[in-house]
Every structure is written in C-alpha cells, then in structure tokens.
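# I would like the atomic coordinates for the input below:
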Amino acid sequence: MLSLILALFVYLALVRICRYHRVNKSTARYTGYGIGIDKLELTPGEAQQIVHDSLLYDAPLTMLLGFQITLFKVFGIPTIASTFYKSGHLMRETDLNKRLVDTVTLMATILCNTYPSQANIADEDPRAAIALARVNWIHTRYKIKNEDYLFNLALLILEPIQLTEHFNWRPHSLLEKKAIFTLWTNIGESMGIKNIWSTFEEMEQWTTSYRKENIMASEEAYKLSQATINHFLNGIPELLGLRFVAYNFFLTLLDEQSRLALQLPPPSPAIAFIIFILFRARAWIVRYLCLPRLSPSLWVPMDTGGTSTTTGIHRLQAVLLRSSGPYYYPEKTGIALKIQSLLIMLGLQDPNKIPGKKWRSEGYRLEELGPTQWENVGHEKVMEAASKIQGHPITGIWSLLAQKKGI
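Numbering: from 1, shown residues only. Coordinates of the predicted model:
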C-alpha cells in the first residue's frame, strides 16, 4: 500500500514538473536576462515558436475554438456580413464546406509552417509565404474596409486567448500573449492592413470601442449565422439530444452582444452550466493528472515533403478527417479500407462522406485554395507576392514551375 501511495506521489510530482516545462522554458529563454516582457522585442519567427507552445501542445482545443468562433462574431458587423452574403460562398452547403476547410488550411499553414524570415535562405520552407500570398490575393477580390480588417485581426488575437483562459488547464502567459500579438500584427502588416495597434492594450481599447459603435443586427448576419450553424450541426447525430447540446454549446461560447447581433436565443442555463463544469473538470484532470503532449496537435502537414501524384505534381493532404466532408484526406487502403466498408455496411458511416475524388483525395496546393471559381486563377500573382514575402524566388516542389511541369 505504501508503495502505491509513493508511486502515485511520484507520478503527480512528475506531472506537475512536466506540465509547465514547455511554457517555463520559453519564459526563461526570453526573460532570463532581466528583460521585462513589456520591453522585449520579438521577431515574427521567435513569436511563432512561442505561439506553438499553446497552439500545438498546451491549448490546441481552446485555441481552435477561438479561431472558429471568430468567424461567427465578424458577422455581427453589417459591412462584413454584407460582403460575405453577397459573395454567396457561405450560403450554399457545398461552397461553405470547402470555403471553411480552405480558410482553416490557409491560416493554419501561416501559423504552423516556418514563418518567412526574408533571410534569403534558399531551402527555407515557402508554404507560409504562399498561403499568406493566396489569402491576400483572395481578399483583393472583395471591397473590405480597413476597419473591418482590423476588427477581424483583433478577434483572431483575442478570442483564442479568452477561451483558453476560461476553459483550458492554464491561461496564456504574458510572454505568449505578447507573441500572439506580435505574430498576428506582423501577418496583418503583410496583408496590407493599415493603422495596426502598437500594443496589446491599445488593441483591446480599440476593439471595445469598435464593438460598441458597429456591432448590430442585420438580415445578412442572421442568414449567414443560420447557414454556418446548420453546417456544423449536420455532422452531429440527433441521438440522445447531442445536436441540441452542441447548438447550446455554440451559444454558450458567444457573448451576449454578438448573440443579439446574430439574432440567436440565449443558451439553456442548465446546459451552459453543465458545459462549464465539464470544461473545468477536464482542465483539472489535464493539469494535475495527465502528462503533457509529446507530439504536436497538427492542423496541417508540418514536414517539408509532399505527396507526388501520378502526374508528378506534389500536393499536400489533410491530417484531419472532417465529418462534414473529408476534403483532401487520402483514400483508405488495406485494413483501414475494410473497416470503412464494414462501417458503411452497418450504417455507421455515411457513404457520401468517405475520402475519394469527390473530396479531392489527391490533395491540395496552396495557390489553388479558395472559392472553386478561382481555383485555377491568380497563381502567377500569388507566387510573385510569395517571393516578396519570402525574400527570394519560390523554388523547389512548391514553385509554380514544379506545378506546371510536375517536377
């Protein structure tokens, strides 16, 4: 009995030491010379490495939720809602599905793959630069106010931080908040956004003021929110009221001002309370009883290679199998294919939602992502812009030459 108690004590002590090792190591590295965080100057590359501590290891769930909830909250600005609604890309299920997947893929590539250093390193991974250039090219197709860009940028910074503070086993450190701010504001500058804030506090004050003056209900916001909510709920079974719970979970994540602007009802108090308790229980279990993640929670491929198709063109494939539609996910083979066939036969797998040509199972190239009608448009301009962001011409398997010649 004494041995079991001793073993439990040792395990809990090990969890406590290892749990904070990653964040403590980063903090010691950048503030170990007596430099205050407020005076610390981070390069975008350094900021990205710090952000990876929470994004890929310590808080991937809550940060992902933060990015996803940002999509809904921007609908509360009538000018943004009008732009999205007029495009039609979020009102048709098939277009919405691909648009969401492509948006997440592009943003995750910018955040996760090596951030452009402009150091003229010949073999530097160019995928983040290409993704950023593609996002910029897509945005040139729309008329978007600079203030709307700023608001979206602010939410991409604030929402993951706030949800992590409320629901994760630890909040972001001051260093991590500075790194998130540094990385995203640099991305904003690369997107041509003007009048970006110089400090985190300035951004918070601006966002509060902008929300008070601009968030309001609109017919476009309501229609967009309904289409997007239905898209996410379609992948959840109605068994045991799971879809109702998921809907109320979404409502719980929205603040009252945004919810009213989207003309959505308040969440069920009982379900909201249960969700809060479950998240707090999860946070306690992870913090005190679980050893930290050893491998990153990947959103996109991190290795430097790609899958070569029969034409010799390298493409990337999804690492997540999405229930709403397995875009870019490789087709099953071997025993996995047999299990998939069995699940379909038992009615446990939708035959229309399995990886295949319909879902682009051959993979994707970053310069092709976005609305379907622009899939084969703008590649030259994207690569030209990516070269400027990278600091040198894009070469190798992700270059436009490789795409055309299959080398």
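# give me phi/psi at residue 314?
The phi/psi pair for residue 314 (degrees, to the nearest 10) reads phi -80, psi 130.
# next one: the one 3 residues further on
When read as degrees, to the nearest 10, the backbone of residue 317 gives phi -120, psi 150.
# so who does it touch?
301, 307, 328-330, 361, 363-364 (CB atoms under 8 Å, 6 or more residues apart in numbering). Every residue, glycine included, has its C-beta placed from N, CA and C.
# burial measure for the residue nearest to it when sequence neighbours are not counted, as a count.
Closest residue to residue 317 apart from its sequence neighbours, by CB to CB, 6 or more residues apart in numbering: residue 363 at 4.2 Å. By the other CB atoms under 10 Å criterion, the neighbourhood of residue 363 contains 20 residues.
# how close does residue 257 sit to residue 213?
Distance of residue 257 to residue 213, given as CB to CB, to the nearest Å: 12 Å.
# try residue 332
Taken as CB to CB, the span from residue 332 to residue 213 is 51 Å.
# more neighbours: which of these two?
residue 332 (17 against 9).
# so the more buried one is in contact with residue 356, correct?
No. The criterion here is CB atoms under 8 Å, and residue 332 misses it with residue 356 at 9.5 Å.
# phi, psi for residue 364 please.
The phi/psi pair for residue 364 (degrees, to the nearest 10) is phi -140, psi 160.
# would you mark the buried spots in stretch 337-345?
For stretch 337-345, a neighbour-count test (16 or more other CB atoms under 10 Å) marks residue 340 as buried.
# now do the strands in the stretch 51-200 of the chain.
Using DSSP state E, counting those that start in this stretch, the stretch 51-200 of the chain contains no strands.
# remind me which residues of it are low pLDDT?
Scanning the stretch 51-200 of the chain for pLDDT under 70 picks out the ranges 118-122.
# residue ranges for the helices of it, please.
60-74, 78-87, 93-112, 127-139, 146-167, 174-190, 200-214 (DSSP state H, counting those that start in this stretch).
# can those helices go into a markdown table with extra columns for distance to residue 277?
Formatted as a markdown table, those follow (distance: least, CB to CB, whole Å):
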| stretch | distance to residue 277 |
| --- | --- |
| helix 60-74 | 16 |
| helix 78-87 | 34 |
| helix 93-112 | 29 |
| helix 127-139 | 38 |
| helix 146-167 | 11 |
| helix 174-190 | 26 |
| helix 200-214 | 29 |
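# looking at the ones you listed, which is nearest to residue 376?
Relative to residue 376, the nearest member of these by CB to CB is helix 127-139, separated by 12.8 Å.
# picking that back up, what's the most buried one of the helices of the stretch 51-200 of the chain?
Highest mean neighbour count among the helices of the stretch 51-200 of the chain (mean count of other CB atoms under 10 Å): helix 127-139, with a mean of 24.
# what's near enough to touch residue 276?
Per CB under 8 Å, 6+ apart, neighbours of residue 276: residue 252.
# state the pLDDT value of it.
pLDDT for residue 276: 92.
# quick check: it vs residue 256, distance?
For residue 276, the distance to residue 256 equals 16 Å [CB to CB].
# cool, residue 157 as well?
21 Å.
# quickly find the element holding the closest residue to residue 173 other than its chain neighbours.
Closest residue to residue 173 in three dimensions, ignoring its sequence neighbours and counting by CB to CB, 6+ apart: residue 23, at 5.6 Å. Element membership of residue 23, judged by DSSP states H and E, is helix 21-31.
# render the CA-only coordinates of that helix in PDB, please.
In PDB, the C-alpha atoms belonging to helix 21-31 read as follows (Å, rounded to 0.1, in the frame of the first residue of the first chain):
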ATOM      1  CA  HIS A  21       8.100  22.700 -18.500                       C
ATOM      2  CA  ARG A  22       7.400  23.900 -22.000                       C
ATOM      3  CA  VAL A  23       6.000  27.400 -21.100                       C
ATOM      4  CA  ASN A  24       8.600  27.800 -18.300                       C
ATOM      5  CA  LYS A  25      11.400  27.000 -20.700                       C
ATOM      6  CA  SER A  26      10.200  29.700 -23.200                       C
ATOM      7  CA  THR A  27       9.700  32.300 -20.500                       C
ATOM      8  CA  ALA A  28      13.200  31.600 -19.100                       C
ATOM      9  CA  ARG A  29      14.700  31.800 -22.600                       C
ATOM     10  CA  TYR A  30      13.400  35.200 -23.400                       C
ATOM     11  CA  THR A  31      13.200  36.900 -20.000                       C
END
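# before we move on, the earlier item: will you turn the contacts of residue 317 into TSV that also has distance to residue 170?
Output for those, formatted as TSV (distance: CB to CB, whole Å):
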residue	distance to residue 170
301	28
307	37
328	33
329	32
330	35
361	38
363	36
364	34
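# buried ones among the residues you listed?
301, 328-330, 361, 363-364.
# measure how buried the residue nearest to residue 173 is and give me the count.
With other CB under 10 Å as criterion, residue 23 counts 20.
# that one and residue 1, how far apart?
Distance check for residue 23 against residue 1: by CB to CB, it reads 36 Å.
# for residue 230, what are its contacts?
Here residue 230 is in contact with no residue (CB under 8 Å, 6+ apart).
# per-residue confidence at it?
Looking at residue 230, its pLDDT is 89.
# just residue 317 next, same as before
At residue 317, the model reports a pLDDT of 89.
# with residue 314 instead?
pLDDT, residue 314: 87.
# and if you look at residue 302?
Residue-level pLDDT assigned to residue 302 equals 78.
# if we can go back for a sec, so which of the helices of the stretch 51-200 of the chain gets nearest residue 338?
Ranked by CB to CB, the member of these that lies closest to residue 338 is helix 93-112, at 27.0 Å.
# helices or strands next to that closest one in the packing?
Using 3 or more CB pairs under 8 Å, 6 or more residues apart in numbering; DSSP states H and E, the elements in contact with helix 93-112 are helix 44-52, helix 60-74, helix 127-139, helix 219-233.
# now what about the third one, what contacts it?
When contacts are defined by CB under 8 Å, 6+ apart, helix 127-139 is touched by residues 105-107, 109-110, 113-116, 187, 190-192, 316, 366-367, 369-371, 374, 378, 381-383, 385-387, 389-390, 394, 398.
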